[in-house]
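In: whatever this is, show me its structure:
(2 chains)
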Protein chains: 2
Amino acid sequence: MVTEARETSTLIGSDQVEGTAVFGTNDERSGSIERVMIDKTSGQVSYAVLSFGGFLGIGSDHYPLPWNSLKYDTGLGGYRTGVTLEQLQGAPKYSADSDWSWSDQTRIRSVNDYYGIRVT
Amino acid sequence: MVTEARETSTLIGSDQVEGTAVFGTNDERSGSIERVMIDKTSGQVSYAVLSFGGFLGIGSDHYPLPWNSLKYDTGLGGYRTGVTLEQLQGAPKYSADSDWSWSDQTRIRSVNDYYGIRVT
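Out: Model (predicted):
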(Lines give C-alpha, C1' and ligand atoms only; values in the text may rest on other atoms or scores of the structure.)
Protein backbone atom coordinates (compact mmCIF):
# COMPACT_ATOMS: atom_id res chain seq x y z
CA MET A 1 0.00 0.00 0.00
CA VAL A 2 1.06 3.53 -0.66
CA THR A 3 1.53 5.21 2.66
CA GLU A 4 0.94 8.58 1.18
CA ALA A 5 -0.12 11.55 3.23
CA ARG A 6 -2.96 13.02 1.22
CA GLU A 7 -3.42 15.89 3.59
CA THR A 8 -0.98 18.37 5.07
CA SER A 9 -1.37 21.71 6.82
CA THR A 10 -1.66 23.45 3.46
CA LEU A 11 -2.61 20.86 0.83
CA ILE A 12 -5.44 18.37 0.59
CA GLY A 13 -6.12 15.70 -2.03
CA SER A 14 -9.38 16.05 -3.97
CA ASP A 15 -10.38 12.54 -2.93
CA GLN A 16 -9.81 13.60 0.66
CA VAL A 17 -11.93 16.75 0.36
CA GLU A 18 -14.80 14.58 -0.81
CA GLY A 19 -16.47 13.42 2.37
CA THR A 20 -14.90 16.07 4.60
CA ALA A 21 -17.28 17.37 7.24
CA VAL A 22 -18.67 20.89 7.15
CA PHE A 23 -19.50 22.65 10.39
CA GLY A 24 -21.79 25.59 10.98
CA THR A 25 -21.09 28.65 13.10
CA ASN A 26 -21.82 26.90 16.40
CA ASP A 27 -19.71 23.82 15.65
CA GLU A 28 -22.76 21.85 14.56
CA ARG A 29 -22.09 19.50 11.67
CA SER A 30 -24.04 20.69 8.63
CA GLY A 31 -23.08 17.84 6.35
CA SER A 32 -20.16 16.87 4.22
CA ILE A 33 -18.56 17.85 0.96
CA GLU A 34 -19.61 15.65 -1.90
CA ARG A 35 -17.28 17.13 -4.48
CA VAL A 36 -15.72 20.41 -5.47
CA MET A 37 -16.20 22.07 -8.84
CA ILE A 38 -12.91 23.15 -10.39
CA ASP A 39 -12.47 25.81 -13.05
CA LYS A 40 -10.75 23.83 -15.80
CA THR A 41 -8.58 26.66 -17.02
CA SER A 42 -7.45 28.40 -13.86
CA GLY A 43 -7.51 25.35 -11.62
CA GLN A 44 -9.40 27.36 -9.05
CA VAL A 45 -12.02 25.58 -6.97
CA SER A 46 -15.20 27.60 -7.56
CA TYR A 47 -17.92 25.67 -5.73
CA ALA A 48 -18.25 22.89 -3.23
CA VAL A 49 -21.30 20.67 -3.18
CA LEU A 50 -22.51 20.20 0.38
CA SER A 51 -24.42 17.02 0.98
CA PHE A 52 -26.90 17.38 3.79
CA GLY A 53 -29.38 14.99 5.34
CA GLY A 54 -30.09 11.48 4.17
CA PHE A 55 -27.84 8.53 4.88
CA LEU A 56 -24.54 7.88 3.11
CA GLY A 57 -25.59 10.28 0.38
CA ILE A 58 -28.89 8.50 -0.25
CA GLY A 59 -31.89 10.76 0.05
CA SER A 60 -29.73 13.74 0.87
CA ASP A 61 -29.97 17.23 -0.53
CA HIS A 62 -27.10 18.78 -2.45
CA TYR A 63 -26.27 22.43 -1.91
CA PRO A 64 -23.77 24.15 -4.19
CA LEU A 65 -21.80 26.58 -2.03
CA PRO A 66 -19.23 29.11 -3.17
CA TRP A 67 -15.82 27.73 -2.20
CA ASN A 68 -14.88 30.91 -0.40
CA SER A 69 -17.81 30.49 1.99
CA LEU A 70 -15.82 27.59 3.49
CA LYS A 71 -12.78 27.97 5.72
CA TYR A 72 -10.70 25.00 6.72
CA ASP A 73 -10.49 24.56 10.48
CA THR A 74 -7.59 22.39 11.54
CA GLY A 75 -9.01 21.96 15.04
CA LEU A 76 -12.34 20.67 13.76
CA GLY A 77 -10.70 18.68 10.98
CA GLY A 78 -13.24 20.02 8.55
CA TYR A 79 -14.57 23.10 6.87
CA ARG A 80 -16.36 25.78 8.77
CA THR A 81 -18.98 27.83 7.03
CA GLY A 82 -20.77 31.02 7.96
CA VAL A 83 -23.79 29.66 6.12
CA THR A 84 -26.41 28.78 8.74
CA LEU A 85 -28.94 25.97 8.61
CA GLU A 86 -31.64 28.65 8.32
CA GLN A 87 -29.87 30.05 5.27
CA LEU A 88 -29.60 26.59 3.75
CA GLN A 89 -33.37 26.18 3.94
CA GLY A 90 -33.99 28.74 1.23
CA ALA A 91 -30.81 28.03 -0.70
CA PRO A 92 -30.54 26.62 -4.23
CA LYS A 93 -30.28 22.87 -3.96
CA TYR A 94 -31.01 19.69 -5.80
CA SER A 95 -32.09 16.31 -4.54
CA ALA A 96 -31.84 12.75 -5.73
CA ASP A 97 -34.91 13.07 -7.92
CA SER A 98 -34.18 16.42 -9.48
CA ASP A 99 -31.82 17.67 -12.12
CA TRP A 100 -28.96 20.08 -11.82
CA SER A 101 -26.73 21.35 -14.52
CA TRP A 102 -23.56 23.32 -13.98
CA SER A 103 -23.99 24.61 -17.53
CA ASP A 104 -27.21 26.35 -16.60
CA GLN A 105 -26.10 29.93 -16.02
CA THR A 106 -29.44 30.79 -14.39
CA ARG A 107 -28.78 28.19 -11.70
CA ILE A 108 -25.17 29.27 -11.22
CA ARG A 109 -26.35 32.85 -10.92
CA SER A 110 -28.96 31.84 -8.35
CA VAL A 111 -26.16 30.37 -6.21
CA ASN A 112 -23.94 33.41 -6.60
CA ASP A 113 -26.85 35.77 -5.87
CA TYR A 114 -28.03 33.79 -2.87
CA TYR A 115 -24.64 33.94 -1.16
CA GLY A 116 -23.83 37.41 -2.44
CA ILE A 117 -20.88 36.28 -4.54
CA ARG A 118 -19.77 38.63 -7.25
CA VAL A 119 -18.35 36.80 -10.23
CA THR A 120 -16.15 38.80 -12.56
CA MET B 1 -30.58 8.96 -9.81
CA VAL B 2 -29.25 12.45 -9.96
CA THR B 3 -28.90 13.38 -13.59
CA GLU B 4 -26.33 15.97 -12.78
CA ALA B 5 -23.86 17.28 -15.30
CA ARG B 6 -20.56 17.16 -13.46
CA GLU B 7 -18.65 18.67 -16.31
CA THR B 8 -19.26 21.76 -18.42
CA SER B 9 -17.11 23.78 -20.78
CA THR B 10 -15.64 25.64 -17.83
CA LEU B 11 -16.22 23.59 -14.68
CA ILE B 12 -15.39 20.01 -13.76
CA GLY B 13 -16.24 18.05 -10.62
CA SER B 14 -13.28 16.81 -8.58
CA ASP B 15 -14.61 13.26 -8.83
CA GLN B 16 -14.69 13.70 -12.58
CA VAL B 17 -11.09 14.98 -12.79
CA GLU B 18 -9.99 11.82 -11.01
CA GLY B 19 -9.52 9.31 -13.78
CA THR B 20 -9.38 11.86 -16.61
CA ALA B 21 -6.86 10.95 -19.29
CA VAL B 22 -3.66 12.91 -19.80
CA PHE B 23 -2.15 13.16 -23.28
CA GLY B 24 1.38 14.01 -24.29
CA THR B 25 2.48 16.37 -27.03
CA ASN B 26 1.84 13.89 -29.83
CA ASP B 27 -1.63 12.87 -28.64
CA GLU B 28 -0.25 9.76 -26.95
CA ARG B 29 -2.01 8.91 -23.73
CA SER B 30 0.44 9.32 -20.84
CA GLY B 31 -1.84 8.12 -18.11
CA SER B 32 -4.65 9.48 -16.03
CA ILE B 33 -5.14 11.84 -13.14
CA GLU B 34 -5.40 10.07 -9.84
CA ARG B 35 -6.24 13.12 -7.78
CA VAL B 36 -5.48 16.78 -7.56
CA MET B 37 -3.91 18.49 -4.56
CA ILE B 38 -5.81 21.59 -3.49
CA ASP B 39 -4.42 24.47 -1.48
CA LYS B 40 -6.78 24.49 1.49
CA THR B 41 -6.78 28.21 1.98
CA SER B 42 -6.88 29.61 -1.53
CA GLY B 43 -8.79 26.73 -3.11
CA GLN B 44 -6.23 26.68 -5.90
CA VAL B 45 -5.31 23.33 -7.39
CA SER B 46 -1.52 23.15 -7.00
CA TYR B 47 -0.58 19.68 -8.22
CA ALA B 48 -2.12 16.80 -10.09
CA VAL B 49 -0.99 13.25 -9.48
CA LEU B 50 -0.53 11.45 -12.79
CA SER B 51 -0.93 7.72 -12.61
CA PHE B 52 1.10 6.00 -15.28
CA GLY B 53 1.59 2.35 -16.13
CA GLY B 54 0.14 -0.58 -14.25
CA PHE B 55 -3.44 -1.69 -14.50
CA LEU B 56 -6.37 0.10 -12.85
CA GLY B 57 -3.94 1.90 -10.60
CA ILE B 58 -2.28 -1.32 -9.41
CA GLY B 59 1.45 -1.39 -9.95
CA SER B 60 1.43 2.05 -11.48
CA ASP B 61 3.77 4.93 -10.81
CA HIS B 62 2.51 8.21 -9.43
CA TYR B 63 3.96 11.45 -10.75
CA PRO B 64 3.11 14.71 -9.03
CA LEU B 65 2.83 17.37 -11.76
CA PRO B 66 2.33 21.08 -11.32
CA TRP B 67 -1.30 21.82 -12.22
CA ASN B 68 -0.29 24.50 -14.69
CA SER B 69 1.66 21.96 -16.75
CA LEU B 70 -1.77 20.57 -17.76
CA LYS B 71 -4.13 22.24 -20.21
CA TYR B 72 -7.63 20.92 -20.73
CA ASP B 73 -8.29 19.95 -24.35
CA THR B 74 -12.01 19.74 -25.14
CA GLY B 75 -11.33 17.84 -28.37
CA LEU B 76 -9.32 15.14 -26.63
CA GLY B 77 -11.63 15.12 -23.62
CA GLY B 78 -8.65 15.15 -21.36
CA TYR B 79 -5.64 17.11 -20.24
CA ARG B 80 -2.75 17.78 -22.52
CA THR B 81 0.69 18.19 -21.06
CA GLY B 82 3.95 19.43 -22.49
CA VAL B 83 5.70 16.96 -20.22
CA THR B 84 7.11 14.20 -22.42
CA LEU B 85 7.51 10.54 -21.58
CA GLU B 86 11.28 11.10 -21.65
CA GLN B 87 10.89 13.85 -19.06
CA LEU B 88 8.72 11.61 -16.90
CA GLN B 89 11.51 9.04 -16.75
CA GLY B 90 13.68 11.20 -14.57
CA ALA B 91 10.83 12.91 -12.75
CA PRO B 92 10.02 12.68 -9.06
CA LYS B 93 7.59 9.83 -8.57
CA TYR B 94 6.43 7.28 -6.08
CA SER B 95 5.19 3.77 -6.55
CA ALA B 96 2.98 1.36 -4.69
CA ASP B 97 5.79 0.25 -2.40
CA SER B 98 7.29 3.61 -1.62
CA ASP B 99 6.32 6.51 0.56
CA TRP B 100 5.40 10.01 -0.41
CA SER B 101 4.53 12.88 1.82
CA TRP B 102 3.12 16.17 0.68
CA SER B 103 4.44 17.63 3.93
CA ASP B 104 8.00 16.91 2.88
CA GLN B 105 9.19 20.25 1.52
CA THR B 106 12.27 18.61 -0.02
CA ARG B 107 10.02 16.44 -2.17
CA ILE B 108 7.71 19.30 -3.10
CA ARG B 109 10.77 21.37 -4.02
CA SER B 110 12.11 18.51 -6.17
CA VAL B 111 8.84 18.58 -8.15
CA ASN B 112 8.89 22.36 -8.54
CA ASP B 113 12.57 22.32 -9.51
CA TYR B 114 12.15 19.49 -11.97
CA TYR B 115 9.40 21.26 -13.89
CA GLY B 116 10.88 24.71 -13.40
CA ILE B 117 7.99 25.98 -11.32
CA ARG B 118 8.64 29.00 -9.21
CA VAL B 119 6.61 29.01 -6.02
CA THR B 120 6.19 32.32 -4.28
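
In: CA atoms for contacts and neighbours, from now on please.
Out: Will do.

In: helix, strand or coil for the residue most central in space within chain A?
Out: Centroid check for chain A by CA atoms, centre = their mean gives A:Ala48 as the closest residue, at 2.9 Å. Recorded secondary structure, A:Ala48: strand (DSSP: H, G, I helix; E, B strand; the rest coil).

In: wait, what's in contact with the residue nearest to it when sequence neighbours are not counted?
Out: Counting by CA to CA, 6 or more residues apart in numbering or on different chains, A:Val36 is the residue found nearest to A:Ala48 once chain neighbours are left out, at 4.2 Å. Contacts for A:Val36 (CA atoms under 8 Å, 6 or more residues apart in numbering or on different chains) come out as A:Ser14, A:Val17, A:Glu18, A:Val45, A:Ser46, A:Tyr47, A:Ala48, A:Val49, B:Gly13, B:Ser14, B:Asp15.

In: looking at those residues, spot the one nearest A:Gly77.
Out: A:Gly77 has its nearest neighbour among the contacts of A:Val36 in A:Val17, at 10.9 Å by CA to CA.

In: now the phi/psi pair for A:Glu28, please.
Out: phi -80, psi 140 (degrees, to the nearest 10).

In: next SSE downstream of the helix-or-strand element of chain A with minimal mean pLDDT?
Out: Lowest on mean pLDDT, DSSP states H and E among the helices and strands of chain A sits strand A:4-5, with a mean of 60. Next helix or strand after strand A:4-5 toward the C-terminus (DSSP states H and E): strand A:11-13.

In: show me what the helix or strand just after that following strand is in contact with.
Out: The first helix or strand that comes after strand A:11-13 along the chain, using DSSP H and E, is helix A:14-17. Outside helix A:14-17, the residues within contact range by CA under 8 Å, 6+ apart are A:Arg6, A:Glu7, A:Ile33, A:Arg35, A:Val36, B:Ser14, B:Asp15, B:Arg35, B:Val36, B:Met37, B:Ile38.
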